[in-house]
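> sequence-free structure coming up:
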Ligand SMILES: NC(=O)c1ccc[n+]([C@@H]2O[C@H](COP(=O)([O-])OP(=O)(O)OC[C@H]3O[C@@H](n4cnc5c(N)ncnc54)[C@H](O)[C@@H]3O)[C@@H](O)[C@H]2O)c1
């Protein structure tokens, strides 16, 4: 690995206190990136930043960022630019899931998921783009906005329909955002993980038992591993971080409007 692959990148990551957001932050910093980490879990994001700053790569700052609040995004992009000189990559990673059988989806379930996963992403894209536009185009490279999608950006399952809707939104904002923002030399891409064993999935596994989809904990993951994942292996954030780093790096400069699946062979198209 080129230790300086992300040296010139100042990257804001939402939902960076744990899971893929935290793993990506540490991986990016190890390749020289400066990372601004936002999350509703302030203690968590401070710990990730402290680990990074104790290492030998790029630097990290941490802040409270609730993605449903536009003002938090504005403050975060400004903090990133003040600390590191600019923001040149925005990674919209924060997301939640809460399964419900179709007839049990209520307004709260829909609103909570769509507010964080879809509206929060829109705000992140807009506030990052406004700052990038104000900074003026970079000489050699485009700015980059990266949206975290999912396998359910391209299909849907019966028990997570609002989540799937939110991840279709991520895809719509990748394609529409790419068209809207290229005039400002901003690319928009994303990646779609499959089944990643993070806190999100640990809770999802419990919730799927609670709504009656599976009989006992662990069964959902084992069933998906066996029946859905071509590689027959659950993934960890380590399986995903290389694709995320590629999208942040200049190696993906000639690419926009794309959602790359990184799912062990679930969705193929
Ligand atoms: N785990 C998977 O299998 C999987 C698969 C496909 C896509 N994804 C997506 O990847 C992303 C990261 O997921 P993960 O598995 O690492 O989850 P995770 O639960 O481990 O981490 C998500 C982070 O987002 C933060 N967060 C929640 N609400 C927030 C808000 N309002 N504002 C700011 N931060 C908030 C949480 O505090 C947490 O630190 C999400 O967008 C998720 O939908 C996950």
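It's in. These numbers were taken from a predicted model, which means no experiment stands behind them.
> all strands of this protein, in order?
10-14, 34-39, 60-64, 89-92, 143-148, 186-193, 259-262 (DSSP state E).
> Switch these over to TSV; also include mean neighbour count and distance to residue 48.
Where C-beta positions appear, they are placed from N, C-alpha and C, glycine not excepted. Converted to TSV, the strands of the chain look like this (neighbours: other C-beta atoms under 10 Å; distance: least, C-beta to C-beta, whole Å):
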stretch	mean neighbour count	distance to residue 48
strand 10-14	29	9
strand 34-39	29	6
strand 60-64	22	7
strand 89-92	28	14
strand 143-148	26	17
strand 186-193	25	19
strand 259-262	19	21
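> will you turn those strands into JSON lines that also has distance to the ligand and mean pLDDT?
Shown next, in JSON lines, are the strands of the chain (distance: least, C-beta to the nearest ligand atom, whole Å; pLDDT from 0 to 100):
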{"stretch": "strand 10-14", "distance to the ligand": "5", "mean pLDDT": "99"}
{"stretch": "strand 34-39", "distance to the ligand": "5", "mean pLDDT": "98"}
{"stretch": "strand 60-64", "distance to the ligand": "9", "mean pLDDT": "98"}
{"stretch": "strand 89-92", "distance to the ligand": "8", "mean pLDDT": "99"}
{"stretch": "strand 143-148", "distance to the ligand": "4", "mean pLDDT": "98"}
{"stretch": "strand 186-193", "distance to the ligand": "4", "mean pLDDT": "98"}
{"stretch": "strand 259-262", "distance to the ligand": "9", "mean pLDDT": "98"}
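> Mind putting those strands into TSV with distance to residue 251?
Compiled in TSV, those are given as follows (distance: least, C-beta to C-beta, whole Å):
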stretch	distance to residue 251
strand 10-14	15
strand 34-39	18
strand 60-64	23
strand 89-92	13
strand 143-148	11
strand 186-193	12
strand 259-262	13
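> and the residue nearest to residue 120 when sequence neighbours are not counted, what does it touch?
Of all residues not flanking residue 120 in the chain, residue 67 sits nearest, at 3.0 Å (C-beta to C-beta, 6 or more residues apart in numbering). By C-beta atoms under 8 Å, 6 or more residues apart in numbering, the contact list for residue 67 reads 14, 15, 38, 73, 92, 94, 116, 120, 121, 123, 124.
> Residue 74 too?
residue 127.
> same question, residue 264
Contacts of residue 264 (C-beta under 8 Å, 6+ apart): 194, 195, 229, 230, 231, 233, 235, 239.
> how close does the nearest residue to it once chain neighbours are set aside get to the ligand?
Of all residues not flanking residue 264 in the chain, residue 231 sits nearest, at 3.9 Å (C-beta to C-beta, 6+ apart). As for residue 231, its distance to the ligand is 14 Å (criterion: C-beta to the nearest ligand atom, to the nearest Å).
> Residue 109 now?
15 Å.
> And the pLDDT for the closest residue in space to that residue that isn't next to it in sequence?
Spatial nearest neighbour of residue 109, chain neighbours left out: residue 100 (5.2 Å); criterion: C-beta to C-beta, 6+ apart. For residue 100, the pLDDT comes out at 98.
> so what's the spatially most central residue of the chain up against?
In the chain, the centroid-proximal residue (C-alpha atoms, centre = their mean) is residue 93; its distance is 2.1 Å. By C-beta under 8 Å, 6+ apart, the residues touching residue 93 are 13, 14, 15, 16, 20, 21, 24, 148.
> Let me have those residues in TSV, adding distance to residue 256 as columns.
As requested, the contacts of residue 93 are exported to TSV (distance: C-beta to C-beta, whole Å):
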residue	distance to residue 256
13	20
14	20
15	23
16	24
20	22
21	23
24	20
148	16
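> The residue nearest to the centre of the chain and residue 241, how far apart?
11 Å (C-beta to C-beta, to the nearest Å).
> Common neighbours of the two, please.
By C-beta under 8 Å, 6+ apart, residue 93 and residue 241 have these common neighbours: 20, 24.
> Up against the ligand, what does this structure have?
14-15, 17-21, 39-41, 44, 65-68, 93-96, 116, 120, 148, 150, 193, 195-196, 198-201 (C-beta under 6 Å from any ligand atom).
> And the buried ones among the residues you listed, selectable in ChimeraX?
A single ChimeraX command selects the buried members of these (16 or more other C-beta atoms under 10 Å):
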select :14,15,17,18,19,20,21,39,40,44,65,66,67,68,93,94,95,96,116,120,148,150,193,195,196,198,200,201
